[in-house]
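Engineer: Would you be able to build a 3D model of this:
(2 chains)
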Amino acid sequence: ETGVTQSPTHLIKTRGQQVTLRCSSQSGHNTVSWYQQALGQGPQFIFQYYREEENGRGNFPPRFSGLQFPNYSSELNVNALELDDSALYLCASSLGLEMTDTQYFGPGTRLTVL
Amino acid sequence: AQSVTQLGSHVSVSEGALVLLRCNYSSSVPPYLFWYVQYPNQGLQLLLKYTSAATLVKGINGFEAEFKKSETSFHLTKPSAHMSDAAEYFCAVSDGTGGSYIPTFGRGTSLIVHP
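Structural biologist: This next block holds a predicted model:
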C-alpha cells in the first residue's frame, strides 16, 4: 500500500500568478481533503472531494478550486495569488466519509508567494 | 461550532520525563477527538482518536489520551519522553455538525526533548 504523495515539494510564485498543486491518494481511497497550514498554525480545511464531487468547503474564496480524478489523483488550483497564500498545503486521503475513516496525510507542498 | 484550544505553544521536557500536552475542546454535541504528530518537513500522522468508546485511548509510540467530558479535555500523555518524540503535536475535534466530519485543528504544541 503506497502512501499519499504530493508534488512539487516546494514552489515559489509571485503575487497575481496561478498555481496548481497535485496529490496522489492511496489506492482505493475515495475521499481527498485539502488543508492550508500557515506558519505556526494548525491546518485549515479548504475543501473535500468524494468520488470526484466537491463534498464540503471551508472559509476560502472561490479562487481556491479543486479537481479529483478517477485514478485517485487530485489538484488544488489557486488563482490570483496573494502574499497570505504562502503556506504549507496538505492533502489527506481516506476511504470514505465516515468519521472512523482515518485520514492519511501527504508531506505537503510549501508555497511561497513573493 | 466546534473549536480546540491547545495550552502552551511549546512544552520542554527532559528525556525520560513525563510528557503532558493539553487540549480543551468546545462542541455542542459529543465529539470525536484526535491527536496528530507532525515531524519536520512531513505531513500529519494520526497518533490516536476517541470515537465515544473507551475514555482512555491508547495510541502509537506509547502515547495515550483520556477523554474527560466534565472538563471538556483530551490531554495527551506519555510516561517517558524519548528524543524521537520531539515534534509538533495537533489536537483536533469533529462533531459532525452540518453533516460534515471535517476536523478543526488546534494551533499545535511543539514538544522539545532535552537529553
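Engineer: tell me the strands in the chain, going along the chain?
Structural biologist: You didn't say which chain, so I picked chain A. Along chain A, counting by DSSP state E, strands occupy A:5-7, A:10-13, A:19-24, A:31-37, A:44-50, A:53-57, A:64-68, A:73-78, A:87-94, A:104-105, A:109-113.
Engineer: You answered for a different chain; I wanted chain B.
Structural biologist: Under DSSP E, chain B gives strands at B:3-7, B:10-14, B:19-26, B:32-38, B:44-50, B:56-58, B:64-68, B:73-78, B:87-94, B:104-105, B:109-114.
Engineer: Let me have those in JSON lines, extended by mean neighbour count, mean pLDDT and distance to chain A.
Structural biologist: Every C-beta, even on glycine, is put in place using the N, C-alpha and C of the backbone. Output for the strands of chain B, formatted as JSON lines (neighbours: other C-beta atoms under 10 Å in any protein chain shown; pLDDT from 0 to 100; distance: least, C-beta to the nearest C-beta, whole Å):
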{"stretch": "strand B:3-7", "mean neighbour count": "16", "mean pLDDT": "93", "distance to chain A": "8"}
{"stretch": "strand B:10-14", "mean neighbour count": "14", "mean pLDDT": "97", "distance to chain A": "11"}
{"stretch": "strand B:19-26", "mean neighbour count": "19", "mean pLDDT": "96", "distance to chain A": "11"}
{"stretch": "strand B:32-38", "mean neighbour count": "24", "mean pLDDT": "94", "distance to chain A": "5"}
{"stretch": "strand B:44-50", "mean neighbour count": "20", "mean pLDDT": "93", "distance to chain A": "4"}
{"stretch": "strand B:56-58", "mean neighbour count": "14", "mean pLDDT": "94", "distance to chain A": "13"}
{"stretch": "strand B:64-68", "mean neighbour count": "18", "mean pLDDT": "95", "distance to chain A": "15"}
{"stretch": "strand B:73-78", "mean neighbour count": "21", "mean pLDDT": "97", "distance to chain A": "15"}
{"stretch": "strand B:87-94", "mean neighbour count": "24", "mean pLDDT": "94", "distance to chain A": "5"}
{"stretch": "strand B:104-105", "mean neighbour count": "22", "mean pLDDT": "92", "distance to chain A": "3"}
{"stretch": "strand B:109-114", "mean neighbour count": "17", "mean pLDDT": "97", "distance to chain A": "9"}
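Engineer: got these as CSV, with distance to residue A:57 columns?
Structural biologist: Output for these, formatted as CSV (distance: least, C-beta to C-beta, whole Å):
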stretch, distance to residue A:57
strand B:3-7, 19
strand B:10-14, 33
strand B:19-26, 22
strand B:32-38, 20
strand B:44-50, 20
strand B:56-58, 30
strand B:64-68, 29
strand B:73-78, 27
strand B:87-94, 16
strand B:104-105, 14
strand B:109-114, 28
